[in-house]
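Asks: Okay, predicted coordinates and the sequence, questions at the end:
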Amino acid sequence: MDVVFGQQDQHVLAALQQGRFEPWNRMERRMRAERLSVTRGFNRLLSLQTLNLELYEHQRQAVLRVLRDMRGRALLADEVGLGKTIEAGVILKEYLVRGLVRRALILVPASLVVQWREELENRLSISCSINRHPDGWEQAGCIIASLDTARRPEHAGRVQAVAWDMVIVDEAHRLKNRHTVSWRFVDGLRKKYLLLLTATPIQNDLQELYNLLTLLKPGLLQTYSAFRREHMFDRRSPRQLGRLKSRLAEVMVRSTRRDALIRLPRRAVTAVPVQLGPEERRLYAEVVQFARDVYAASDRKRATLFPLILLLRELSSSPEAAARTLQTFGTHSRLDDRFRQTARRLAVRAEELSGRSARLTAAVDRVKALHEPAVVFTEFRASQTALARELGSLGVPVSVFHGRLNREERRNAVERFRREGGVLISTDAGSEGQNLQFCRSVVNYDLPWNPMRVEQRIGRVHRLGQAQDVLITIFVSGGTVDAHVYRLLCEKLRLFQQVIGDLDVILAQEPEGLAGTVGRIVLESADEQDLERRLADVGRRLEAARTAWERAERRNREVLDGESG
């Protein structure tokens, strides 16, 4: 039987969720809160009564199973795109509402820290702080941090000294090896409840599944020797699969798209060729040569590398963006005077091209041709400003979103776009935490060299709740680094065609990240032929890594879902 709350209980529930209390009698308040915390166990989700949030049925059942049957220690292993983050957030919210969690630690990849905070605050009204400092772990409440930060020696001891009520680890396949620092760190945390999130708990070896489940429930699968004898023909082939799945069901929740009757819409990709004019082509060639010369002459190559990569990425975006960094190089005290003079000369050339680039013209034409609202992403504020000015002058409704806006300004920008249509021109600040599935068109004004950034952009509209096919536009300038990056992302990763949930696994072969690898190759290559040869090697590595990921996905379906082939 469902529980019906009275008006006063609803008031207390809302106060608990929002972290506020009216100044009534403290004992009465506590008694009401305690009553709410134990009401009918976990037969009903209290948090949904005051949140503007609709769960899919598979999400609701996953949350209830974790709360009711698994006592807050679970592996959330839904297929990619089915909403594991929301499931974890609702579980956390239920414990917070009932007063069973006061301290929570959420460990995620560094690239997802802000996205997690935005998702929890905007959709679940859970206030979280991001911590990167050794002395910030003892503060009460919810803390989000990257796993790489938390496990560092100057942090680890302090993190492990805190008694956490709940720990959540996203992309938990990073804990597949119990001999790593990451696995030992999470195992050493003081924690009551533990949620591990990954769509592919098995990457290469069934031992990886054993290691994850040992974190959740030590002894569930006995010793590794016993597990190997009972459940492994070899490291990739399970036996007694029915018994293994029965044990997994004690700590694992997994929904497939088939189970959930959910099909994410198709991604329709349009690559728009952008032909650079003679002035732009000459500027491009001279800036690339300038960057190579500075890098070759530098005795501090690591310190020089990333500013030069930034310049190359800006050059691919717009003359306006490149001009600013060229001006900075033109005043850099550590550069030889000849380099400073060249940088200043190139900055003037870039400024002269302001508002006249082929990419700007192509973007304006594309937005006008769509005849529907579009989210336009760019990495750089200067490019954003130029495009907003041009579209605004043509009467297109323009909303602008960037990292310097406060929370209210961001909310207003999205709401104005929702209400008026036109375009939302956003830096990558808008690729994290925003739910824009009321729109279906994503225009990549420039192309990040980091594939995870690309996926985050697309994921703002290609997500649960999107009812239409998603239109993705990419501008490609032939004969530039951008064109090479596009081929790597499109042909080798097939990134634009489908959701890839484990990009960090695929990209693990590139310790500098793809942007660092590509940038270093551009700066070190002697000529275009050398550049193409070396980038072809990168493409082969990415292709092999993706093939391995696809094998892992099939293996997970075979072991976890009982699918064959």
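Replies: Alright, I've got the coordinates.
Asks: And stretch 45-57, what's buried?
Replies: By neighbour count on 16 or more other CB atoms under 10 Å, the buried set for stretch 45-57 is 45, 46, 47, 48, 50, 51, 53, 55, 56. (Each C-beta comes from the backbone N, C-alpha and C, glycine too.)
Asks: so what's the closest residue to residue 326 other than its chain neighbours up against?
Replies: Nearest residue to residue 326, sequence neighbours excluded (CB to CB, 6 or more residues apart in numbering): residue 347, at 3.7 Å. Residue 347 makes contacts with 323, 326, 327, 330, as judged by CB atoms under 8 Å, 6 or more residues apart in numbering.
Asks: The first one: which element?
Replies: Using DSSP states H and E, residue 323 maps to helix 319-330.
Asks: Flag every buried residue along the next helix or strand after that helix.
Replies: Once helix 319-330 ends, the next helix or strand along the chain (criterion: DSSP H and E) is helix 337-352. Applying a neighbour-count criterion of 16+ other CB under 10 Å, one finds 339, 340, 342, 343, 346, 347, 349, 350 buried in helix 337-352.
Asks: Show the average pLDDT along helix 337-352.
Replies: The predicted model gives helix 337-352 an average pLDDT of 95.
Asks: now swap in stretch 476-488 and tell me
Replies: Averaged across stretch 476-488, pLDDT comes to 90.
Asks: End to end on that stretch, go ahead and measure it.
Replies: In stretch 476-488, first residue to last residue: 13 Å (CA to CA, to the nearest Å).
Asks: Quick one: distance of it to the chain centre.
Replies: In terms of CA atoms, centre = their mean, to the nearest Å, the centre of stretch 476-488 is found 24 Å from the chain centre.
Asks: Okay, helices next: where are they in the stretch 251-400 of the chain?
Replies: 257-260, 278-297, 301-317, 319-330, 337-352, 358-370, 381-393 (DSSP state H, counting those that start in this stretch).
Asks: Burial-wise, tell me which of those comes out on top.
Replies: helix 319-330 (a mean of 22; mean count of other CB atoms under 10 Å).
Asks: so what secondary structure elements neighbour it?
Replies: Judged by 3 or more CB pairs under 8 Å, 6 or more residues apart in numbering; DSSP states H and E, helix 319-330 is in contact with helix 278-297, helix 301-317, helix 337-352, helix 381-393.
Asks: 6 Å instead, please
Replies: helix 301-317, helix 337-352, helix 381-393 (3 or more CB pairs under 6 Å, 6 or more residues apart in numbering; DSSP states H and E).
Asks: now the angle from the shortest one to helix 301-317?
Replies: Taking axes from the mean of the first three to the mean of the last three CA atoms, to 10 degrees, helix 381-393 and helix 301-317 form an angle of 10 degrees between their directions.
Asks: Could you point out the longest helix of the protein?
Replies: Using DSSP state H to define each element, the chain has its longest helix at helix 528-561.
Asks: what packs against that one?
Replies: helix 503-506.
Asks: same thing but at 10 Å, please
Replies: Judged by 3 or more CB pairs under 10 Å, 6 or more residues apart in numbering; DSSP states H and E, the packing partners of helix 528-561 are helix 206-216, helix 241-248, helix 481-487, helix 503-506, helix 513-524.
Asks: still on that earlier bit, now render the contacts of residue 347 as JSON lines, adding pLDDT and distance to residue 270.
Replies: Shown next, in JSON lines, are the contacts of residue 347 (pLDDT from 0 to 100; distance: CB to CB, whole Å):
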{"residue": "323", "pLDDT": "96", "distance to residue 270": "29"}
{"residue": "326", "pLDDT": "96", "distance to residue 270": "31"}
{"residue": "327", "pLDDT": "94", "distance to residue 270": "34"}
{"residue": "330", "pLDDT": "92", "distance to residue 270": "38"}
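Asks: any chance of these in TSV, plus distance to residue 124?
Replies: TSV is the format used below for these (distance: CB to CB, whole Å):
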residue	distance to residue 124
323	42
326	44
327	44
330	48
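Asks: and which of those is nearest to residue 235?
Replies: residue 326 (53.3 Å; CB to CB).
Asks: residue contacts, that closest one?
Replies: The contact partners of residue 326, by CB atoms under 10 Å, 6 or more residues apart in numbering, come to 283, 287, 290, 311, 314-315, 319, 342-351.
Asks: Grab the nearest non-local neighbour of the residue sitting nearest the centre point of the chain.
Replies: The chain has residue 112 as the residue nearest its centroid, 4.3 Å off, counting by CA atoms, centre = their mean. Once flanking residues are discounted, residue 112 sits nearest to residue 170: 6.4 Å by CB to CB, 6+ apart.
Asks: shouldn't the one you found be in contact with residue 186?
Replies: No - Residue 170 is beyond contact range of residue 186, at 12.0 Å (criterion: CB atoms under 10 Å).
Asks: rewinding a little: what's the closest of the buried residues of helix 337-352 to residue 279?
Replies: Nearest to residue 279, judged by CB to CB, of those is residue 349 at 7.8 Å.
Asks: would you turn the buried residues of helix 337-352 into a markdown table with distance to residue 149?
Replies: What follows is those, written out as a markdown table (distance: CB to CB, whole Å):
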| residue | distance to residue 149 |
| --- | --- |
| 339 | 36 |
| 340 | 37 |
| 342 | 39 |
| 343 | 35 |
| 346 | 38 |
| 347 | 36 |
| 349 | 41 |
| 350 | 37 |
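Asks: And the next helix or strand past whichever helix or strand residue 107 is part of?
Replies: Using DSSP H and E, residue 107 maps to strand 103-108. As assigned by DSSP H and E, the chain's next helix or strand after strand 103-108 is helix 113-124.
Asks: tell me what that following helix is packed against?
Replies: By 3+ CB pairs under 10 Å, 6+ apart, helix 113-124 packs against helix 84-97, strand 103-108, strand 128-130, strand 141-146, helix 407-420.
Asks: want to throw these into a markdown table with mean neighbour count, distance to residue 238 and mean pLDDT?
Replies: Shown next, in a markdown table, are the helices and strands packed on helix 113-124 (neighbours: other CB atoms under 10 Å; distance: least, CB to CB, whole Å; pLDDT from 0 to 100):
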| stretch | mean neighbour count | distance to residue 238 | mean pLDDT |
| --- | --- | --- | --- |
| helix 84-97 | 24 | 23 | 93 |
| strand 103-108 | 24 | 29 | 95 |
| strand 128-130 | 16 | 38 | 92 |
| strand 141-146 | 20 | 33 | 93 |
| helix 407-420 | 15 | 46 | 90 |
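Asks: can you list those in CSV and add distance to residue 202?
Replies: CSV is the format used below for the helices and strands packed on helix 113-124 (distance: least, CB to CB, whole Å):
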stretch, distance to residue 202
helix 84-97, 16
strand 103-108, 21
strand 128-130, 30
strand 141-146, 24
helix 407-420, 38
